[in-house]
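Participant: missing the sequence, but the structure's below:
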């Protein structure tokens, strides 16, 4: 059985976040959080929370019954988290893993959204292994997987700080915070990229012009036995160095 993949709607994205008891595939999933968004809107608030937001806590017992196994180090890590985050262990609305996966599949509705995770290997790796453990079909196409973790590591993206909302390590709150952060990173990069490309072009153009001009000066200043040491060449080198310093200052100002 396979799921038909259509062309994605313009600007449609889904950020997925999991809270788990490990970092490797076939690890128990405590909760699934996701939000649907686009890069053009502020998402304040979400226009249609029922369709744009998803959250489901999962019972640990059902994960163990499906053959998923926890990591001792992650269990110890959870013991050090805040009480609000730990409420996932006693959520009265938690359901069995197969039901949680069915609910997520229904929420996605086979829509061809771009799927984001932090990182894609973690969220989608663990989630797809849970689908396999329960004998279910993964409801997204792997070619739609995108990595928010990578976007955060791009040059100049570090200047855009995440603004967390709600409870850190609540799957839905983290998904929403990450989606808004990703959107701000994308807008930041869109603004920076033309300027960075222009700076690179300027630098390459200056090098070419310097080389051509140095040859011209060397040809014209025949009286100097060492053309590149001529007064004309020295004057040009000074101007070239000043231009380079100006471009470097511009680059640093953009960071």
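Facilitator: Noted; the coordinates are in hand. Because the structure is predicted, anything quoted here is derived from the model rather than measured. Residues are numbered from 1 along each chain as shown.

Participant: give me the number of residues near the closest residue to residue 187 other than its chain neighbours?
Facilitator: Leaving aside its sequence neighbours, residue 187 sits nearest to residue 39 (Cβ to Cβ, 6 or more residues apart in numbering; 7.7 Å). Just so you know, the C-beta spots here come from the backbone N, C-alpha and C atoms, and that holds for glycine as well. By other Cβ atoms under 10 Å, 17 other residues sit near residue 39.

Participant: can you tell me which residues contact residue 39?
Facilitator: Residue 39 makes contact with 11, 13, 183, 186-187, according to Cβ atoms under 8 Å, 6 or more residues apart in numbering.

Participant: So how do I select the buried members of the residues you listed in ChimeraX?
Facilitator: Only the buried entries of the contacts of residue 39 go into this ChimeraX selection, using 16 or more other Cβ atoms under 10 Å:
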select :13,183
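
Participant: of all the contacts of residue 39, which comes closest to residue 31?
Facilitator: Distance ranking of the contacts of residue 39 against residue 31, using Cβ to Cβ, places residue 13 first at 20.5 Å.

Participant: That closest one contacts residue 111, correct?
Facilitator: No - taking contacts as Cβ atoms under 8 Å, residue 13 lies outside contact range of residue 111: 10.9 Å.

Participant: returning to that earlier point: make JSON lines from the contacts of residue 39 and add pLDDT to it.
Facilitator: Formatted as JSON lines, the contacts of residue 39 follow (pLDDT from 0 to 100):
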{"residue": "11", "pLDDT": "52"}
{"residue": "13", "pLDDT": "91"}
{"residue": "183", "pLDDT": "90"}
{"residue": "186", "pLDDT": "89"}
{"residue": "187", "pLDDT": "87"}
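
Participant: Among the contacts of residue 39, name the ones in helices.
Facilitator: Of the contacts of residue 39, the ones assigned to helices by DSSP state H are 183, 186-187.

Participant: Please consider this matter closed, and thank you.
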